[in-house]
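Participant: Here is my input, please return the structure:
(4 chains)
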Protein chains: 2
Amino acid sequence: MVTRRTELTRAAARLFAEKGYHGTSVGDLAQALGVQKGSLYAHISSKADLLWEVAREGSAAFHAALDSVPEEGPVVERIRAALRAHLRVVAEQLDVATVFVREWRYLQGERREEFVAERHRYEERFRALFREGRELGELRADLDDTTAALLALSAVNWAYTWLRPGADTDALADRFTALLLDGMRGYATR
Amino acid sequence: MVTRRTELTRAAARLFAEKGYHGTSVGDLAQALGVQKGSLYAHISSKADLLWEVAREGSAAFHAALDSVPEEGPVVERIRAALRAHLRVVAEQLDVATVFVREWRYLQGERREEFVAERHRYEERFRALFREGRELGELRADLDDTTAALLALSAVNWAYTWLRPGADTDALADRFTALLLDGMRGYATR
DNA sequence: CCACCTTCCGAACGATCGTTAGGTTTCTCA
DNA sequence: TGAGAAACCTAACGATCGTTCGGAAGGTGG
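Facilitator: Okay, here's the model as predicted:
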């Protein structure tokens, strides 16, 4: 069931991504629904609520994506799966992903802290893959796994700026995986 | 000579980076200079002027950084130099870099188009390094140099979110370079 | 049929926004 | 010494901001 409230959240995600949170007025949101701006307050109690909701939606989407990565099997394949999952979310929910990556910082108070904690948890789950890969011997023993995770996270976090809906994100993720694993210089050693 | 005008630009870079362009009021800028907001219009003709100035400063800084990369010598070393140069700008001019990467999109009209052109030119200069590396045989022959450049650019473009002033950016750039060139899996093939 | 719920309108609120304008202070330099 | 420039103040402008409120339309279920 498509409630009016969810339509409003969708419009908020789109406009916040397009014009920024502070660049989007309540009037803009109302216009997107074809309604007077005062009418929105039958659904929300403040504009900040919408930012909070979209940010949480992003958090949930990315964590759910990581949940789909198997906990067993070759680490290399799990890294590939994680990159695929993340990029898929970006492509399929570009507005939400954009708010998750760029607009979250306009959250205030307790909500902001809660968001940051969830974001750190996400990055930590990502980092764990590379650490485990090194410990299990699938990645080089002298790997700086913190930097490795940072490089991978940078690639996917930046994706919202160039990734367009409809792109073949699996192929994209596989290209990233290949580069990260085997580098640009020589051929794979295995 | 430190003019009042440059002090204003510095404050604008800092506040735009901290609170966003739309999140920063002319009153905030005035307060940073210890002055009434009307007084600022002795130095600028609009708030948008400040965004334009800071964005151009970022453009100039990053292009100047790339200018310091030698045009001759091993491509691998030039890639390392480019990453070092970029990260150094981010660390030493974090506010300006943040505006360059994140706040530029609030530019309007002709200025926005001019900025985007400069940004594309920067990315193209970066991309050329990887293309040349493949053509000269320093990088693997089957390298997807577009993706390779995208990966490297993502790493440095994301840096403003975590890089702190005073960090050893050369060492950081070298770690990125090593990962990008030789990967996380095996050891270097040369 | 009536009570209720959701949704919206229309008007207004005080606050803040970016900007303008006239007048004053302070300093430089010819 | 006095003209001019740079910097700032004070006050106000119209516009827009996010939010509130009383009332009304329309549909649903008892």
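
Participant: Going by C-alpha atoms from here, please, whenever you check contacts or count neighbours.
Facilitator: Fine.

Participant: Secondary structure class of the residue positioned nearest the centre of chain A, three-state.
Facilitator: With distances taken as Cα atoms, centre = their mean, A:A97 lies nearest the centre of chain A, 4.7 Å away. Following DSSP: H, G, I helix; E, B strand; the rest coil, A:A97 is assigned to helix.

Participant: now the longest helix along chain A, how far from the chain's geometric center?
Facilitator: Scanning chain A for the helix with the most residues, using DSSP state H, yields helix A:109-135. Going by Cα atoms, centre = their mean, to the nearest Å, the spacing between the C-alpha centre of helix A:109-135 and its chain's C-alpha centre is 12 Å.

Participant: ditto for stretch A:82-96
Facilitator: Distance of stretch A:82-96 from its chain centroid, counting by Cα atoms, centre = their mean, is 6 Å.

Participant: in it, what counts as buried?
Facilitator: A:82-91, A:93-96 (16 or more other Cα atoms under 10 Å in any protein chain shown).

Participant: In a markdown table: these, plus secondary structure and distance to DNA strand D.
Facilitator: A markdown table is the format used below for the buried residues of stretch A:82-96 (DSSP: H, G, I helix; E, B strand; the rest coil; distance: Cα to the nearest atom of the strand, whole Å):
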| residue | secondary structure | distance to DNA strand D |
| --- | --- | --- |
| A:A82 | helix | 36 |
| A:L83 | helix | 35 |
| A:R84 | helix | 35 |
| A:A85 | helix | 33 |
| A:H86 | helix | 31 |
| A:L87 | helix | 31 |
| A:R88 | helix | 31 |
| A:V89 | helix | 28 |
| A:V90 | helix | 26 |
| A:A91 | helix | 27 |
| A:Q93 | coil | 23 |
| A:L94 | helix | 22 |
| A:D95 | helix | 18 |
| A:V96 | helix | 19 |
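
Participant: Throw those residues into JSON lines and include distance to DNA strand C and pLDDT, thanks.
Facilitator: Converted to JSON lines, the buried residues of stretch A:82-96 look like this (distance: Cα to the nearest atom of the strand, whole Å; pLDDT from 0 to 100):
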{"residue": "A:A82", "distance to DNA strand C": "37", "pLDDT": "98"}
{"residue": "A:L83", "distance to DNA strand C": "37", "pLDDT": "98"}
{"residue": "A:R84", "distance to DNA strand C": "36", "pLDDT": "98"}
{"residue": "A:A85", "distance to DNA strand C": "33", "pLDDT": "98"}
{"residue": "A:H86", "distance to DNA strand C": "32", "pLDDT": "98"}
{"residue": "A:L87", "distance to DNA strand C": "33", "pLDDT": "98"}
{"residue": "A:R88", "distance to DNA strand C": "31", "pLDDT": "98"}
{"residue": "A:V89", "distance to DNA strand C": "28", "pLDDT": "98"}
{"residue": "A:V90", "distance to DNA strand C": "29", "pLDDT": "98"}
{"residue": "A:A91", "distance to DNA strand C": "29", "pLDDT": "98"}
{"residue": "A:Q93", "distance to DNA strand C": "23", "pLDDT": "97"}
{"residue": "A:L94", "distance to DNA strand C": "25", "pLDDT": "98"}
{"residue": "A:D95", "distance to DNA strand C": "22", "pLDDT": "98"}
{"residue": "A:V96", "distance to DNA strand C": "22", "pLDDT": "98"}
